[in-house]
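Enquirer: from the sequence below, what's the structure:
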Amino acid sequence: MESKETDAKFLKMNLGATVRLNKFGLALIGGMIFFIVVLYRNSGSSSQSNYEGRLTTVSLKRLLSGAIDAAERGGKIVYNVRVQATLNEQSKGKTKEGANDPVTDGDLKSHLAMFYALSKAFPGVEIISEEHDKSNVDASTVSPTETFNVEVERTIVDDESIPVEDIRVWIDPLDATQEYTENLRQYVTTMVCVAVKGYPTLGVIHKPFENFTAWGWAGKGVSPKLRVTKDQGGPKDDIAHIIVSRSHAGDVKDVALKAFGENTVVIPAGGAGFKTLAVIQGDADAYAHVTLIKKWDLCAGNAILNALGGKMTTLKGTDIDYGNRDEYKNQGGVLATLYQHDFYLPKLQVLQKS
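Expert: Down below sits the predicted model:
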């Protein structure tokens, strides 16, 4: 009799344990299913790597987030170097027009942070920078870029995975260095651009002294900070506002007055990033450049314009290709507009010098 009662108690205890175990097991299985679903939904957004750790495909959403982080990291360095007045300015020589081409610690330290942060986060992706490393550079303290950005996640619905060989990343660690040395801080930007098969697709322009970051993804969306409206298109009050480089404002002004009339407003400014943003934000109708300019100066602004339906071309009207690191010079002039590109182009083609 005692044996039967003991068996009954044992069975009851085990049944109770079994029920408790099943509840825990169900919760565990439910959590695992949820994790698998999330993993499956995000599988198209992940970058794939080979056995050496080099990427074979790249998530453009992750790369955009990384580009934003890199531009802002570089911007902090540029800001600190300028505020501390530790520029250590040197000259890289003369430009084609005979102007000084300076380089500072802001340029070089920003390059170090941006280049290696992106390289570590996206191994195998080709990155082209305006600056180059000095010998014996120690990049061990540079951490990979953050590849998640809340603003990007909220703005961009889907993602694309691109073969690594189709991607070129162009970075400008400090645009408007001449103005930087003159303490004209408003013109200074740090920029990152991602070209896919030569087409400027992702663009980031960061203004370190205003703590402002603009970004765009062609065909997907733009930074919510960019307030763009249709009523800013076209000459204001029938007067064309053309923004140009400070270094050759006089030449452009003469031609612009002939092209658009004596009331044309020519706005001299520094930095290609600043000038392109001026067009995007409605402070100018067109950005015109007539002399040689490097593609890392143009790519980010070009990508943001593409995302907004604007245009950046040479003065012959051809698109600028960003697919080859060896072809980093753009010698065909530049015209950038948000609206009415075909109105400005024929009138400004005379700016192109043979």
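Enquirer: isn't there a strand covering G323?
Expert: No: with DSSP: H, G, I helix; E, B strand; the rest coil as the criterion, G323 is coil rather than part of a strand.
Enquirer: tell me, how many residues neighbour it?
Expert: 13 (other Cβ atoms under 10 Å). Every residue, glycine included, has its C-beta placed from N, CA and C.
Enquirer: assign a three-state SS to the residue nearest the centre of the chain, would you?
Expert: For the chain, the residue nearest the mean C-alpha position is V204 (2.5 Å; Cα atoms, centre = their mean). Counting by three-state DSSP, the backbone at V204 sits in strand.
Enquirer: tell me the pLDDT of it.
Expert: Note for V204: predicted pLDDT of 98.
Enquirer: please give me every residue in contact with it.
Expert: Counting by Cβ atoms under 8 Å, 6 or more residues apart in numbering, V204 touches 64, 67-68, 70-71, 191-193, 213-215, 300.
Enquirer: could I get those as CSV with pLDDT?
Expert: Formatted as CSV, those follow (pLDDT from 0 to 100):
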residue, pLDDT
L64, 98
A67, 98
I68, 98
A70, 98
A71, 98
M191, 98
V192, 98
C193, 98
T213, 98
A214, 98
W215, 98
A300, 98
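Enquirer: narrow those residues to those in helices?
Expert: Secondary structure from DSSP state H places 64, 67-68, 70-71, 300 of the contacts of V204 in helices.
Enquirer: on that earlier part again, now the residue nearest to the centre of the chain: how far from K109?
Expert: Distance of V204 to K109, computed by Cβ to Cβ, to the nearest Å: 19 Å.
Enquirer: which residues in the stretch 251-354 of the chain form strands?
Expert: Per DSSP state E, counting those that start in this stretch, the stretch 251-354 of the chain has strands spanning 265-269, 286-289, 293-294, 311-313, 329-330, 334-337. These are given in chain order.
Enquirer: and the stretch 1-150 of the chain, by the same measure?
Expert: So, for the stretch 1-150 of the chain - with DSSP E, counting those that start in this stretch - the strands run 48-49, 55-59, 90-94, 100-103, 126-129.
Enquirer: any idea which of those scores lowest on pLDDT?
Expert: strand 48-49 (a mean of 58).
Enquirer: okay, now the unreliable bits of the stretch 51-200 of the chain?
Expert: 51-52, 91-101, 134-136 (pLDDT under 70).
Enquirer: residues contacting stretch 206-214, please?
Expert: Taking Cβ under 8 Å, 6+ apart as the rule, stretch 206-214 contacts 68, 71-72, 74-76, 78-79, 82, 185-186, 188-191, 204-205, 222-223, 225-226, 274, 277, 280, 304.
Enquirer: please repeat the previous calculation with a cut-off of 6 Å.
Expert: 71-72, 75, 78-79, 185, 189-190, 205, 223, 226 (Cβ atoms under 6 Å, 6 or more residues apart in numbering).
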